[in-house]
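Undergrad: The sequence isn't on hand, but the structure is:
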Ligand code: SAM
Ligand code: SF4
Ligand code: F3S
């Protein structure tokens, strides 16, 4: 069921265009889709009217993400009328929702290929089938299969490479659709991850970002069992990889061993992205997050005790069903206590099929709007103050390339994931350099080489 089949259709001289929506997991899947398309003989193009196949790798975490996809699908209709041979396909999280494949076919018959998150490896076969049979192909797997290793991949060039270490999520936070569209947790074997990361060194990558919805439960499903902390220790030994990052960590599963390993390893960066979602214990309980405000603060204290200069960032949701003014004040209070370096802030959005969508005490849109504004204002001022505290300090940065807004500037990141702009030259890309911070904004720092 999970084997790749070789197919004998020639696709040389043809072009593909891949549009990716959503998180880094999707970005990484798109690199694999691109790898398979290139292995089939397709070349990438950014020009839609030159493409012979257009694939949309979709996200459905919030309604806005889905609306973007529907907007794009609509725009592609005219292209299909002009070029009936064009294959338009949709894959990714959105397609795994129940009835979605039928909805796509009904609303957008020009989309002829629909597949899901569990069978990405079948793309060549599915494209071959469309070409042979000249009819729409829908292939959605209800459940996840085994992990398919050694798929071709065309990585986005640069300094940082994404490496998926596990798929799926078992947490079922009551607001979240991800477990329904990505299936249960499955970890890759440590040997496969280590081999991939070692290979990235020879391709010139300097930083690896390990991906999973909850990397802290890495290895629990493997035999013999292993832990994320053990994997980090193994990866830290790979010569030539300068930095190791990971996302996302679940605060409930962040144990002392992991904190110790991060503190003691050379390459694992001191940046903790710990999505808290809310500050009120009632809300956290209703969200099924498995921790309290107090235990979260305790975790933050433990991290700061071992690594006083670590940065901590988070995700926050306002307007979860039943969130009262008092609950929201608890969230603001948590922000004041932790003083996050940055936060991704979201307004709660009903996702059909999740328990929270059925909760009767939904918060009014106007209240949600007022709360998110207050939250953003407070967080921005904290981010700015934290950045101001960096003035005059020296940081090691990994240079990522030329600044997109000003070609005279280069940019890189500190180990704590802060973006730093500085005067330099493109040859510095990929090097670890020391900079002194000279100015601080809310979103980035300015520095000078020392
Ligand atoms: N696995 C990660 C975690 O546990 O935090 C992140 C997964 S999700 C892709 C990224 C963020 O989207 C979540 O941390 C949450 O803040 C937000 N999110 C998920 N579902 C949401 C919803 N229904 N409405 C608003 N925000 C949501
Ligand atoms: Fe969604 Fe929660 Fe899983 Fe994160 S841990 S993907 S928020 S269910
Ligand atoms: Fe979206 Fe799927 Fe990621 S729903 S956020 S692309 S796991």
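TA: Thanks, I have it. These numbers were taken from a predicted model, which means no experiment stands behind them. Numbering: from 1, shown residues only. Ligands and ions are numbered 1, 2, ... in the order given.

Undergrad: Can you pull the residues of the protein lying near ligand 3?
TA: Counting by C-beta under 6 Å from any ligand atom, the chain comes close to ligand 3 at 22-23, 25-26, 59-61, 93, 178, 181-182. (C-beta placed from N, C-alpha, C; glycine too.)

Undergrad: Check the residues you listed and tell me the two furthest apart.
TA: 25 and 60 (12.8 Å; C-beta to C-beta).

Undergrad: Which residue, neighbours along the chain excluded, lies closest to the residue in the stretch 151-300 of the chain that ligand 3 sits nearest to?
TA: In the stretch 151-300 of the chain, the residue found nearest to ligand 3 is residue 178; the distance is 4.9 Å by C-beta to the nearest ligand atom. Excluding its sequence neighbours, the residue lying closest to residue 178 (C-beta to C-beta, 6 or more residues apart in numbering) is residue 169, at 5.2 Å.

Undergrad: for residue 393, same thing?
TA: Using C-beta to C-beta, 6+ apart and skipping the chain neighbours, the partner closest in space to residue 393 is residue 437 (5.4 Å).

Undergrad: need the next SSE after the helix or strand hosting that neighbour, C-terminal direction.
TA: According to DSSP states H and E, residue 437 maps onto strand 432-440. On the C-terminal side of strand 432-440, the closest following helix or strand by DSSP H and E is strand 445-449.

Undergrad: gap between that next one and the chain center?
TA: 28 Å (C-alpha atoms, centre = their mean, to the nearest Å).

Undergrad: Quick check: mean pLDDT of that strand?
TA: Across strand 445-449, pLDDT averages out at 98.

Undergrad: Which other helices and strands does it contact?
TA: Helices and strands touching strand 445-449, by 3 or more C-beta pairs under 8 Å, 6 or more residues apart in numbering; DSSP states H and E, are strand 419-423, strand 432-440.

Undergrad: now the angle between strand 432-440 and it, please.
TA: 130 degrees (axes from the mean of the first three to the mean of the last three C-alpha atoms, to 10 degrees).

Undergrad: now the residue of the stretch 351-450 of the chain found nearest ligand 1: how far from residue 142?
TA: Closest residue of the stretch 351-450 of the chain to ligand 1, C-beta to the nearest ligand atom: residue 351 (4.7 Å). Between residue 351 and residue 142 the distance is 18 Å, computed by C-beta to C-beta, to the nearest Å.

Undergrad: Just want to know which of those two has more residues nearby.
TA: residue 351 (22 against 9; other C-beta atoms under 10 Å).

Undergrad: what sits up against the longest helix that the chain contains?
TA: Longest helix in the chain, counting residues (DSSP state H): helix 365-388. Identification of contacts with helix 365-388 by C-beta atoms under 8 Å, 6 or more residues apart in numbering yields 311, 316, 318-319, 323, 328, 331-332, 335-336, 339-343, 345-348, 418, 440-443, 445.

Undergrad: Around residue 261, count how many other residues there are.
TA: Using other C-beta under 10 Å, residue 261 has 19 neighbouring residues.

Undergrad: Next one, pLDDT for it please.
TA: Residue 261 is given a pLDDT of 98.

Undergrad: picking up where we left off before, any idea how far the residue nearest to residue 178 lies from ligand 2?
TA: Separation of residue 169 from ligand 2 (C-beta to the nearest ligand atom, to the nearest Å): 3 Å.
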